[in-house]
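*Asks:* Just need the structure, nothing else, for what follows:
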Amino acid sequence: MRQYGPQWKVLRRFSTSTLRSCGMGTGIMEDKITLECQHFCTALKENADRPFDLTHLLHNAVANIICSMAIGKRFESGDPTFLRLMAIVERAMVLFITAHVINIYPVLRFFPVVGRPYEEWMDLTVKCHDCMTDVIAQQQKSQKASGEPNNIIDAFTKSVELNPDSLPDQSLMYLLIDLFAAGTETTANTLRWGLLYLMTHPDVQTKVQAELDEVVGRDRPPAVSDKPNLPYTEATIMEMQRIRTVAPLSVPHCTTSDTALLGYDIPAGTDVLINLWSLHMDPGSWDNPDKFDPSRFLDGNGQLQTNDSFMPFSTGRRVCLGEQLAKMELFLFLTNMLQQFTFTLPEGARPNFDGILGATLRPESFKLIAVRRV
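*Replies:* Next up is the predicted model:
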């Protein structure tokens, strides 16, 4: 992670402008997400009416959206490069906490309990770099000689060709890794948590489906333009993000100078973690915060309302780069799923809401039953 400064500002501007040029927040991106929703729902139909774990199907679908922006194409689920990258990222997310502890206390890497996961993390880092280097080389080789760049690799390559000093060295690889990991894990795990809560709160699932039936119907897929007319659906998505914050400690930050906060002196170079979990579960800000209740985001007229303590994408200069993309993905995936299916837990299943903490808070593996709506 780069220190806040000139190089970070340059890379942030490049990333923001390139993601926008690739369609983030526009109808182009909506079309790409809708396409992945269609592929995903087709896979759900093939597994309908029987218990199965949709984790890999969902993660692959979300990851393909990032791939379309990063390298200008989507992968089939069985593509060996895609499977390799997904496996590396998934394991790295689990090992993230151990790796970060060693960043704070480097001496711990010599202790076997911590040292072995750290060695695995370093091995995964090398594999991830090698895999991403291959992806970049393949795309640069196939890049068209003319035309405007339509993905991040092409845009980066063109910028450096025009001005070799325009972007920091090696930043393309790290940018792609960050986008792929963060853009896949957070959205996919939010949806998995959401499904778990909807299955244990069937009244909420029924209300969302009733609103979708009234506003969208069954003859066309939901669209972003439907959002203003689907307040309960939007409130449900916000409650999914609140009750199980998938990035409970955001990402590690570091003070660049001596500072003071709320009476505490914080020296320069101190690791700082933002406790978004505490913010989202604070009884002083939320009534009965442990309860899954989308109505907390609705006013007396049933319209959407905000809460200053709701910050799933963090805040400040390092606010999530892909916030617009994530919001569109969450909306389109959830509405497409609930328009076509009702989700239930297998008989006798006992859902676990504790989760597994790594770089993100992910639910433990669970099976569900997708019942086609008729």
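*Asks:* what about the spatially closest residue to residue 127 that is not a sequence neighbour, how many neighbours?
*Replies:* Leaving out its chain neighbours, the residue that sits closest to residue 127 by C-beta to C-beta, 6 or more residues apart in numbering is residue 88, at 5.4 Å. Every residue, glycine included, has its C-beta placed from N, CA and C. Look at residue 88: counted by other C-beta atoms under 10 Å, it has 23 neighbours.
*Asks:* Work out for me the element residue 88 sits within.
*Replies:* helix 80-104 (DSSP states H and E).
*Asks:* who touches that helix?
*Replies:* With C-beta atoms under 8 Å, 6 or more residues apart in numbering as the test, helix 80-104 has contacts from 56, 59-60, 63, 67, 75-76, 108-109, 114, 117-118, 120-121, 124-125, 127-128, 131-132, 134-135, 180-181, 184-185, 252, 271, 356-360, 362.
*Asks:* Tell me the buried residues within these.
*Replies:* 59-60, 63, 67, 75, 109, 114, 117-118, 120-121, 124, 127-128, 131-132, 135, 180-181, 184-185, 358-360, 362 (16 or more other C-beta atoms under 10 Å).
*Asks:* can you tell me which of the residues you listed are in helices?
*Replies:* 59-60, 63, 67, 114, 117-118, 120-121, 124, 127-128, 131-132, 135, 180-181, 184-185 (DSSP state H).
*Asks:* And the residue nearest to residue 127, how close does it get to residue 41?
*Replies:* For residue 88, the distance to residue 41 (C-beta to C-beta, to the nearest Å) stands at 27 Å.
*Asks:* which residues of the stretch 251-374 of the chain fall in strands?
*Replies:* Remark: strands assigned in the stretch 251-374 of the chain by DSSP state E, counting those that start in this stretch are 253-254, 259-261, 264-266, 271-272, 341-344, 356-357, 361-362, 369-372.
*Asks:* Note down every partner strand of the first one and its orientation.
*Replies:* Read it as strand 253-254. With DSSP bridges as the test, strand 253-254 is paired with strand 271-272 (antiparallel).
*Asks:* Show me how far the partner strand is from its chain's centre.
*Replies:* 22 Å (C-alpha atoms, centre = their mean, to the nearest Å).
*Asks:* Going by neighbour count, which residues of the helix or strand that contains residue 213 are buried?
*Replies:* Using DSSP H and E, residue 213 maps to helix 202-215. Buried residues in helix 202-215, counted by 16+ other C-beta under 10 Å: 204, 205, 207, 208, 209, 211, 212.
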